[in-house]
Structure formats: C-alpha cells, structure tokens
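**Student:** build me a model:
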Amino acid sequence: MGAELTPSWMHGAACLNHANQSIFFEEVRQSIVKEAKLVCKSCAVCSTCLEYAMKHEEVGVWGGTTTNQRAKVRRRQNLDKMMSIA
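**Tutor:** Next up is the predicted model:
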C-alpha cells in the first residue's frame with residue numbers, strides 16, 4: 001500500500017479540473033478533439049503528459065495529441081531505429 005497510483009505531475013494538469021473530462025477520450029468528432037487540444041495548449045504539464053502517453057500507449061487526447069498521432073510518431077521512431085540498424 002502507499003504507492004501513488006497517479007503520477008504527481010498529473011495534479012497540475014489542466015484537464016483534471018475541466019468541467020467535461022470526457023472530451024479527452026472522444027476522438028471521433030473533430031470539434032471535440034479541438035476543444036480538448038485547446039485545453040492541452042494552455043496546460044503547464046503538456047510535454048510531460050505527452051511523454052507519459054507515448055511511454056504508456058494511452059488512449060485519448062494526451063499532451064495535445066490524439067491516439068492516432070502518437071501511433072504515427074511511434075511507427076516513425078521504429079522505422080528510424082530499423083533503418084539505423086540496417
């Protein structure tokens with residue numbers, strides 16, 4: 001017991017106090033994604049959030065990016081690694 005389940009940086013996240021937190025997990029309607037990204041844009045921990053989402057393969061809008069955007073970055077990084085080995 002006593003292990004922190006939520007990383008401490010998350011306590012400073014702008015989305016934590018947003019009236020409608022579900023917008024960060026709605027990626028179908030672009031208007032909602034834009035709203036979520038606007039919140040991220042003003043967030044003090046946006047870059048830390050993005051790093052966390054990349055590492056943990058989170059779903060939804062994290063660090064101002066969507067699940068698909070982060071997947072594309074991961075694929076590009078994996079391709080770059082493969083090309084450097086070849």
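**Student:** so which other helices or strands are in contact with the longest helix along the chain?
**Tutor:** Secondary structure of the chain per DSSP state H: the longest helix is helix 67-85. Here helix 67-85 touches helix 46-56, going by 3 or more CB pairs under 8 Å, 6 or more residues apart in numbering; DSSP states H and E. In short, each C-beta sits where N, CA and C put it, glycine included.
**Student:** what about the protein, any weak spots by pLDDT?
**Tutor:** 1-4, 86 (pLDDT under 70).
**Student:** run through the bridge partners of the residue positioned nearest the centre of it.
**Tutor:** With distances taken as CA atoms, centre = their mean, the residue of the chain nearest its centroid is residue 62 (1.8 Å). Beta-bridge partners for residue 62, by DSSP bridges, are residue 65.
**Student:** so it sits against residue 50, correct?
**Tutor:** Yes: Residue 62 is within contact range of residue 50, at 6.3 Å (criterion: CB atoms under 8 Å).
**Student:** tell me, what's touching the two both at once?
**Tutor:** Between them, residue 62 and residue 50 share these contacting residues under CB atoms under 8 Å, 6 or more residues apart in numbering: residue 70.
**Student:** hang on, the earlier thing: now do the contacts for the residue nearest to the centre of the chain.
**Tutor:** Residue 62 neighbours (CB under 8 Å, 6+ apart): 24, 40, 49, 50, 52, 53, 70.
**Student:** just the residues you listed now: which is nearest residue 13?
**Tutor:** residue 49 (6.4 Å; CB to CB).
**Student:** how far away is that closest one from residue 57?
**Tutor:** 14 Å (CB to CB, to the nearest Å).
**Student:** same question, residue 30
**Tutor:** 23 Å.
**Student:** number of nearby residues for the closest residue to residue 7 other than its chain neighbours?
**Tutor:** Sequence neighbours aside, residue 52 is the residue nearest to residue 7 in space, at 6.8 Å (criterion: CB to CB, 6 or more residues apart in numbering). Per other CB atoms under 10 Å, the neighbour tally for residue 52 reads 16.
**Student:** residue 52 touches residue 70, doesn't it?
**Tutor:** No: checked against CB under 8 Å, the pair residue 52 and residue 70 is beyond contact range at 10.8 Å.
**Student:** sounds good, over and out.
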